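Engineer: Build the 3D model from these lines:
(2 chains)
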Amino acid sequence: MEKKIPVTIDGRELQALPGQTILDVAKENGIYIPTLCYHPLTTLVGACRVCVVEVEGARNLVASCAMPVSPGMIVRTDTEKVLEARRMIVELIWASGDHNCLMCESNGMCELQDLIYQMKIEKPRFEIQSPGYPVETTNTMIMRDLNKCVLCGRCIRACNEVQVNEVLDFQERGSRMKVGPAFDSDYSDSSCVFCGECVEACPTGAIINTQGRFAGRPWEIEKVRTTCTYCGVGCQLDLNIHDGKVVKVTTNRDYGTPNGGSLCIKGRFANDFIDHPDRLKTPLVRDKNGDLQEATWDDAISLIAKKLASIKKKHGSDSIAGLASARCTNEENYLFQKFMRAVIGTNNVDHCARL
Amino acid sequence: MTNSIEELEHADVILAIGTNTTENHPVIGAVVKRAVRQRNAKLIVIDPREIALTKYAALWLRQKPGTDVAVINGLMNVILSEGFEAKEYVAARTEGFEALKKVVEKYTPEYVETISGVPADQIRAAARMYATAHKSSIMYAMGITQHKTGTDNVKSLANLAMLCGKVGIESGGINPLRGQNNVQGACDMGCLPNVFTAYQQVANEDARTKFEKAWEVKLSPKPGLTIVEITNGAAKGDIRALWVMGENMMLSDPDLHHVEEALKKLDFLVVQDIFLTETGRYADVVLPVACFAEKDGTFTNTERRVQRIRKAVNAPGDAKTDWEIIAAVADKMKYPMNYAMAEAIWEEMRQVTPSYAGITYGRIETAGIQWPCPTTDHPGTRYLHKDRFTRGLGLFHAIEYIPPDELPDKEYPLCLTTGRVLYHYHTGTMTRRAKGTTERCPESLVEINPADAEKYAIHEGQMVRVTTRRGAVEAKATITPRSPEGTIFMNFHFHEVATNLLTNPVLDPVAKIPEYKVCAVRIEAA
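Structural biologist: Sure thing, here's the model as predicted:
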């Protein structure tokens, strides 16, 4: 057993594990500390200061997300000093951008909006000064509005540490500091591969999934967990449904392995084929002139049954073959080989495993 | 995969051979990159192309296409001559070692260099790195399997891993990265000509009797034909009817002229799919089906993990699920198949499938389970062959290098290798109808090395004609050192540049996989 470290948070005597931060211990024990730049899968940076707490004996307030606990540490998360500091930070962040929730896609799932609400801030004490960046709309998947960026760096760390695509970083300094690919280029002109990890990491509406823009409010959307239909990794994802349509894909880190909330461009952005007008909607049967014509299910199924039965009778079971599919479910593949073997009487069943 | 995806992140050495992981399995690519950048794992890439992973690699061995057996034998030669083999493991857990040793003896790094073009010193360095690390993991994909010697290539990797005692350990093993969402499941479910579910042989009387009892019907003991053999059978007139469920042979199979001829010759072709595919255009009956978002069921991923898919929206028009269609035809043919829902099929399947027997929908509601999972209280299996191989002892296969079937010559002086790109998937029926992926990759490009481009006077963006003994296609050229000199790369996602008009349909004699990774071509400005 590892040695436990005794700490006191808000008067509660708690046991922590070596290496845990104040935030970890507080979370584990149901003590709320707000965060913004904190991202559980990446390096701790303590950049935004929203999570500051008072530690007895420390000269200044400390960032709880980055401060490891030490034996006998006494922490207060709710003193006047702490609350005022947090409030000031959130007001400064609010005032430094164009946080207009009316037209923001993240309205209702914005961490900055939540903080402002929780802290009961009517309006910031400072004049709102939007940096006035143009909105990046040069691709159809990821939209960037840096006027809503709070410089938490979560997208940078997600890009570099979770996906290790090494595209995003901070650039410029001071009030001109911003996030982006090298040479301030658009995503589409950079080495970005559109995995969308930055979209998932962004706490505000600065980096959003364009496919979901104006396609339904968060509270109108139903999420259905499923498995990605592309490669064999089997990533878990949430199809976001609005009005009976898949409007976008999001992920959930809590689903765990195999993808832990990460996806690639195909899983996150290539699901609009579902609603494509080319989808087949009725059975087609070839007519006397050799053209495919719409048919009823009854006619199509009867024709298949009749043809297969007569070919089987005339040429034997092994004159019939079936190709199952690595794209279909286990249940469908099971049934397909059962059909070929039990109904047709042949083992001529294969699929594209080799291709 | 013998091991799990998450285990890769904790490997000390990852040997990636014949896998362009960041493009074909991007999320596993991220795991590998994290292992390198954050956990100081050493990555060895063995690949003719300068794939993105080479940027993260401690060693990159750039072999000539199709020389994998020689390179792997070379690695084993170094391991044996320098005494890095896992002697106790080999003695206790394997058989066939002496024969292997004998064959490997002549594959000195210098000899292998003459075959593969990989400098002898790199072979030595890679062998030492792989063999001396505690947890070494091998990943491979179609770059290993799509060869005339695909089976030999895989067996050689198994030899290497066993020789070093890396099978049956955490974060080790031999890990094929499977390319399609449910290719593992389709194999497990018995959609192969020689086996029922869970690889129970159709030729085995006990297995057959078991299924005859379960399905209440007499079954054929004769193994059937594989996909390419079915095409050949159709061309010869032996196969009269073909039912295709969600496959697009007219883009994915080798030598498409031959496939077309075969499909045309059939008396009856049924195709069910979500779109009217190139294959569907030859069908007598085309059936509209629900896609993954419109139905319930399960997929089994590359690490043997069974996971749910769930119906989120309704299928368009009259489209039905694939299983409803199969059941309807069976009913009509007087073999009733009554299932109220996908789960009912699952319940029947697991009664006859030992490795899946313990997996229920209830158990995988929030997290998938990896087979083998024989009972409902079994937690599933993270990695295979712990303490004991499935067959008992691990069997070494002594394998000689055999060159690819069709090598460049005077008339066709370059080598063509094919694969996928990040932005598209297989025959493109889905990704080419998706806006974002099409925006990123709107057309098929032929990747040509700058030296070859100069030699054939081809410039960036120019249309080129690529010709083999089987056909010709035209596409835009991109000049890039990603392709090695003497080799061009093409993807097979675009029907207007049907790369499989070019490929060589020669098959691996055991796995019947076509040699997509090597054939001889000629290029010229179009």
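Engineer: mind listing what A:T257 touches?
Structural biologist: Shown in contact with A:T257 (CB atoms under 8 Å, 6 or more residues apart in numbering or on different chains): B:S4, B:I5, B:E6, B:R305, B:A367. C-beta here means a position set from N, CA and C on the backbone, and glycine is covered the same way.
Engineer: among those residues, which ones are buried?
Structural biologist: Buried members of the contacts of A:T257, counted by 16 or more other CB atoms under 10 Å in any protein chain shown: B:S4, B:I5, B:E6, B:R305.
Engineer: can you put those in JSON lines and add secondary structure, pLDDT and distance to B:T417?
Structural biologist: Output for these, formatted as JSON lines (DSSP: H, G, I helix; E, B strand; the rest coil; pLDDT from 0 to 100; distance: CB to CB, whole Å):
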{"residue": "B:S4", "secondary structure": "coil", "pLDDT": "97", "distance to B:T417": "30"}
{"residue": "B:I5", "secondary structure": "helix", "pLDDT": "97", "distance to B:T417": "26"}
{"residue": "B:E6", "secondary structure": "helix", "pLDDT": "96", "distance to B:T417": "31"}
{"residue": "B:R305", "secondary structure": "strand", "pLDDT": "98", "distance to B:T417": "30"}
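Engineer: Quick check: which of these are also close to chain A?
Structural biologist: When contact is defined as CB under 8 Å from any CB of the partner chain, these meet chain A at B:S4, B:I5, B:E6, B:R305.
Engineer: Please, where are all the helices along the stretch 301-450 of chain B?
Structural biologist: Secondary structure of the stretch 301-450 of chain B (DSSP state H, counting those that start in this stretch): helices at B:322-332, B:342-351, B:435-440, B:450-455.
Engineer: Export these to CSV and append columns for distance to chain A and mean neighbour count.
Structural biologist: As requested, the helices of the stretch 301-450 of chain B are exported to CSV (distance: least, CB to the nearest CB, whole Å; neighbours: other CB atoms under 10 Å in any protein chain shown):
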stretch, distance to chain A, mean neighbour count
helix B:322-332, 4, 23
helix B:342-351, 4, 19
helix B:435-440, 4, 21
helix B:450-455, 20, 16
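Engineer: Make TSV from the ones you listed and add mean pLDDT and distance to A:P181 to it.
Structural biologist: Below are those laid out as TSV (pLDDT from 0 to 100; distance: least, CB to CB, whole Å):
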stretch	mean pLDDT	distance to A:P181
helix B:322-332	97	42
helix B:342-351	98	44
helix B:435-440	96	15
helix B:450-455	97	26
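Engineer: Give me the nearest residue to residue 211, chain neighbours excluded.
Structural biologist: Went with chain A since none was named. Excluding the flanking residues, the one nearest A:Q211 by CB to CB, 6 or more residues apart in numbering or on different chains is A:K248, at 4.6 Å.
Engineer: Not quite, go with chain B.
Structural biologist: Among residues not flanking B:F211 along the chain, B:F196 sits closest, at 5.4 Å (CB to CB, 6+ apart).
Engineer: On the three-state scheme, the closest residue to chain B within the stretch 51-200 of chain A is what?
Structural biologist: For the stretch 51-200 of chain A and chain B, the shortest gap (CB to the nearest CB) falls at A:V164, measuring 3.5 Å. Three-state call for A:V164 (DSSP: H, G, I helix; E, B strand; the rest coil): coil.
Engineer: again with B:T298
Structural biologist: Following three-state DSSP, the label given to B:T298 is strand.
Engineer: where does the spatially most central residue of chain A land on pLDDT?
Structural biologist: The centroid of chain A falls nearest to A:T251 when counting by CA atoms, centre = their mean (3.5 Å). What the model reports as pLDDT for A:T251 is 97.
Engineer: wait, doesn't it sit right on A:A201?
Structural biologist: No: here A:T251 lies out of contact with A:A201, judged by CB atoms under 8 Å, at a distance of 10.6 Å.
Engineer: so where do the helices sit in the stretch 151-300 of chain A?
Structural biologist: Under the criterion DSSP H, counting those that start in this stretch, the stretch 151-300 of chain A contains helices at A:154-157, A:197-201, A:265-269, A:297-315.
Engineer: Would you reformat those as TSV and include mean pLDDT and mean neighbour count?
Structural biologist: Formatted as TSV, the helices of the stretch 151-300 of chain A follow (pLDDT from 0 to 100; neighbours: other CB atoms under 10 Å in any protein chain shown):
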stretch	mean pLDDT	mean neighbour count
helix A:154-157	97	24
helix A:197-201	97	26
helix A:265-269	97	26
helix A:297-315	97	17
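Engineer: Can you add distance to B:P119 and give these back as JSON lines?
Structural biologist: Below are those laid out as JSON lines (distance: least, CB to CB, whole Å):
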{"stretch": "helix A:154-157", "distance to B:P119": "38"}
{"stretch": "helix A:197-201", "distance to B:P119": "37"}
{"stretch": "helix A:265-269", "distance to B:P119": "36"}
{"stretch": "helix A:297-315", "distance to B:P119": "57"}
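Engineer: Go through those helices and name the closest to A:R125.
Structural biologist: helix A:154-157 (26.1 Å; CB to CB).
Engineer: what's that closest one packed up against?
Structural biologist: Applying 3 or more CB pairs under 8 Å, 6 or more residues apart in numbering or on different chains; DSSP states H and E, one finds that helix A:154-157 contacts helix A:197-201.
Engineer: Not counting the helix it packs on itself, show me its contacts.
Structural biologist: A:39, A:142, A:154-155, A:157-159, A:162-163, A:165, A:168, A:207-209, A:250-251, A:261-263, A:268.
Engineer: now do stretch B:340-357
Structural biologist: A:329-332, A:334-335, B:188-189, B:196-198, B:210-211, B:214, B:295-298, B:306, B:321, B:323, B:339, B:358-361, B:371-376.
Engineer: and with 7 Å instead?
Structural biologist: Under the criterion CB atoms under 7 Å, 6 or more residues apart in numbering or on different chains, residues A:329, A:331, A:334-335, B:197-198, B:210-211, B:214, B:295-298, B:323, B:339, B:359, B:361, B:371-375 lie in contact with stretch B:340-357.
Engineer: mind giving me the domain ranges of the chain?
Structural biologist: Since no chain was named, I'll use chain A. Here the domain parsing of chain A from automatic domain parsing is A:5-78, A:131-275, A:284-354.
Engineer: wrong chain, I was asking about chain B
Structural biologist: Using automatic domain parsing, the domain parsing of chain B gives B:5-177, B:183-224+B:289-370, B:414-525.
Engineer: Need the phi and psi values for the residue nearest to A:I320 when sequence neighbours are not counted.
Structural biologist: Sequence neighbours aside, B:A241 is the residue nearest to A:I320 in space, at 4.6 Å (criterion: CB to CB, 6+ apart). With angles defined as degrees, to the nearest 10, B:A241 sits at phi -130, psi 140.
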